[in-house]
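whatever this is, show me its structure:
(chains A and B, ligands or ions: 4)
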Number of protein chains: 2
Amino acid sequence: MSQQAFTLYVDDLFSSPYSMSAYVSLKEKAVAFDMQKIKLGSQNYQPDYRERSITSRVPALTHGDFHLSESSAISEYLEELLPPPGHTALYPADRQLRARARQIQAWLRSDFMPIRSERSTMVVFYAPVKTPLSIAAQQSAAMLFQATDSLLAEGADHLFGAWSIADTDLALMLNRLLLNGDAVPEKLARYARLQWQRPSVQAWLALDRSEYR
Amino acid sequence: MSQQAFTLYVDDLFSSPYSMSAYVSLKEKAVAFDMQKIKLGSQNYQPDYRERSITSRVPALTHGDFHLSESSAISEYLEELLPPPGHTALYPADRQLRARARQIQAWLRSDFMPIRSERSTMVVFYAPVKTPLSIAAQQSAAMLFQATDSLLAEGADHLFGAWSIADTDLALMLNRLLLNGDAVPEKLARYARLQWQRPSVQAWLALDRSEYR
Ligand SMILES: [Ca+2]
Ligand SMILES: [Ca+2]
Ligand SMILES: [Ca+2]
Ligand SMILES: [Ca+2]
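Ligands and ions are numbered 1, 2, ... in the order given. Take a look at the predicted model:
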């Protein structure tokens, strides 16, 4: 079953943090996949994609005739289909650490609206902006820093001993600030920089964005 | 390990759809638990809760000394800790259906902002509002209806044959409209009404809200 073809549908700008998360998950599993760019606001509403995808969202993974969207559901599906130790683990093996990783994924997808709005991922993948953070975004950043500091052991490279997809997702949120030149505590900046060096992340960063620059 | 005490922290108004989802998950697992009401905006930022919870959010589940937030992470943790067939399944057993359930949970938590804003769950748990839906909310509702119609077989009581927590989450979103008197296609209205009769949901509805009425 895992030998059926994989296609990953991502936003055509390669700027969605969720497209990146699904892409990194596939890369970590080291399976071959095709990638299709979907222009958001038009191609995702065309009848073919709309019917197949049910929700018209990206990222989406097709595996044979199964079409799945939502990046966290994609990571979980890949983890079940291509489990460790034969493949790199996307989630911790320990039940409570795995729960914590899921908490972090859900938290990053439902909080931090001021940061997500004032430091869009265009900042991360294209160019910084000069607008200072609003008070609301500063408060959101303070919460992000406090929680991350509490979750990350001193000198640790990863949240849970070994890498998990929650590390990539969390580093993306920190990099909205760090790569824009906003102040980030050094412990967290070191972590975000290190996570950014991971080969699966570097592969996403190396995708051709020249069309939109 | 599952014999350690469970405490569920929910919003003091019993109005959070995510508090409801975590509560229903615990009720379905038929384990005893204490419930603590947290006044949002104040009690969740007090040092004790803040430190323990890392992210200051509700709902949160404590299990022994483990404190976990985010309702979808809580459901997944309970499913692993108290698995079927000894306990009611919160997720489908089939890998692709389970992935679809996770997709729906993530989708409901990251989309439908116009509906969530114009039909807050105060509508569901307290009283309807008279403001007509904006164009944006009507478009969001059309997407919700189309996707749900595609996911739900004709005459089916549940999305995936047997009940899953995605049914409760989806019915909550439909009920933001249905219980407010907004137009909902009959197939979906029947489904939402039926899901609302589930004993675990009825137990949530029966909680004492008189203090805030
Ligand atoms: Ca999606
Ligand atoms: Ca390490
Ligand atoms: Ca929470
Ligand atoms: Ca049934």
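
now do the helices in chain A.
Along chain A, counting by DSSP state H, helices occupy A:17-29, A:47-53, A:71-81, A:95-110, A:113-118, A:121-125, A:135-151, A:165-178, A:186-196, A:199-205.

include mean pLDDT when you put these into JSON lines, please.
Putting the helices of chain A into JSON lines (pLDDT from 0 to 100) gives the following:
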{"stretch": "helix A:17-29", "mean pLDDT": "98"}
{"stretch": "helix A:47-53", "mean pLDDT": "84"}
{"stretch": "helix A:71-81", "mean pLDDT": "98"}
{"stretch": "helix A:95-110", "mean pLDDT": "97"}
{"stretch": "helix A:113-118", "mean pLDDT": "97"}
{"stretch": "helix A:121-125", "mean pLDDT": "95"}
{"stretch": "helix A:135-151", "mean pLDDT": "97"}
{"stretch": "helix A:165-178", "mean pLDDT": "98"}
{"stretch": "helix A:186-196", "mean pLDDT": "98"}
{"stretch": "helix A:199-205", "mean pLDDT": "98"}
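
of all those, which one is nearest B:Gly64?
helix A:95-110 (9.6 Å; CB to CB). All C-beta atoms are positioned from the backbone trio N, CA, C, and that covers glycine.

in a markdown table, list the helices of chain A along with mean neighbour count and distance to B:Arg119.
Listed next are these as a markdown table, based on neighbours: other CB atoms under 10 Å in any protein chain shown; distance: least, CB to CB, whole Å:
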| stretch | mean neighbour count | distance to B:Arg119 |
| --- | --- | --- |
| helix A:17-29 | 24 | 25 |
| helix A:47-53 | 14 | 24 |
| helix A:71-81 | 24 | 25 |
| helix A:95-110 | 22 | 18 |
| helix A:113-118 | 17 | 19 |
| helix A:121-125 | 19 | 29 |
| helix A:135-151 | 17 | 24 |
| helix A:165-178 | 24 | 29 |
| helix A:186-196 | 17 | 38 |
| helix A:199-205 | 15 | 37 |
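
export those helices to TSV and tack on distance to ligand 2?
Converted to TSV, the helices of chain A look like this (distance: least, CB to the ion, whole Å):
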stretch	distance to ligand 2
helix A:17-29	14
helix A:47-53	36
helix A:71-81	19
helix A:95-110	13
helix A:113-118	26
helix A:121-125	23
helix A:135-151	14
helix A:165-178	9
helix A:186-196	9
helix A:199-205	14
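
relative to B:Ser140, which of the ones you listed is closest?
Using CB to CB, the helices of chain A put helix A:47-53 closest to B:Ser140, at 15.1 Å.

what residues does the closest one touch?
For helix A:47-53, contacts defined as CB atoms under 8 Å, 6 or more residues apart in numbering or on different chains pick out A:9, A:38, A:43-44, A:56, A:60, A:62, A:67, A:69, B:150.

again, 10 Å this time
A:9, A:36, A:38, A:42-45, A:56-58, A:60, A:62, A:65, A:67-69, B:143, B:146-147, B:150 (CB atoms under 10 Å, 6 or more residues apart in numbering or on different chains).

for the residue nearest to A:Pro199 when sequence neighbours are not counted, give its distance to A:His67.
Nearest residue to A:Pro199, sequence neighbours excluded (CB to CB, 6 or more residues apart in numbering or on different chains): A:Lys27, at 7.6 Å. From A:Lys27 over to A:His67 the distance is 20 Å, taken as CB to CB, to the nearest Å.

also A:Lys187?
With CB to CB as the criterion, A:Lys187 and A:His67 are 41 Å apart.

A:Ile165 too?
21 Å.

same deal with A:Tyr9?
A:Tyr9 is 9 Å from A:His67, by CB to CB.

list residues touching both of those two?
A:49, A:52-53, A:60-61.

wait, A:Val184 sits on A:Leu174?
Yes - here A:Val184 reaches A:Leu174: they are 6.2 Å apart, a contact under CB atoms under 10 Å.

shared neighbours of these two, anything?
With CB under 10 Å, 6+ apart, A:Val184 and A:Leu174 have common neighbours A:141, A:144-145, A:148, A:191-193.

one step back: ok, the residue nearest to A:Pro199 touching A:Leu205?
No - counting by CB under 10 Å, A:Lys27 stays clear of A:Leu205, with 11.7 Å between them.

could you check how far the residue lying closest to A:Val184 once chain neighbours are set aside is from A:Phe145?
Spatial nearest neighbour of A:Val184, excluding adjacent residues (CB to CB, 6+ apart): A:Leu178 at 4.6 Å. Going from A:Leu178 to A:Phe145 by CB to CB gives 11 Å.

go on, A:Gly155?
17 Å.

before we move on, what about A:Glu211?
Counting by CB to CB, the gap from A:Glu211 to A:Phe145 is 35 Å.

and the contacts of helix A:47-53, which of them are buried?
A:9, A:38, A:43-44, A:56-58, A:60, A:62, A:67-69, B:143, B:146-147 (16 or more other CB atoms under 10 Å in any protein chain shown).

sitting in strands, which of the residues you listed do you find?
A:9, A:38, A:60, A:62, A:67-69 (DSSP state E).

and the two most separated of the residues you listed?
A:Ile38 and A:Leu68 (14.5 Å).

hmm, back to that, name the residues contacting each of A:Leu178 and A:Phe145.
Joint contacts of A:Leu178 and A:Phe145 (CB under 10 Å, 6+ apart) are A:184, A:188.

most distant residue from the middle of chain A?
A:Pro47 (27.2 Å; CA atoms, centre = their mean).

what does chain A have sitting close to ligand 1?
Residues of chain A lying close to ligand 1 by CB under 5 Å from the ion are A:57, A:69-70.

quick check, pLDDT for the closest residue to ligand 4 within chain A.
Going by CB to the ion, ligand 4 is nearest to A:Ile54 of chain A, at 20.5 Å. The per-residue pLDDT reported for A:Ile54 equals 84.
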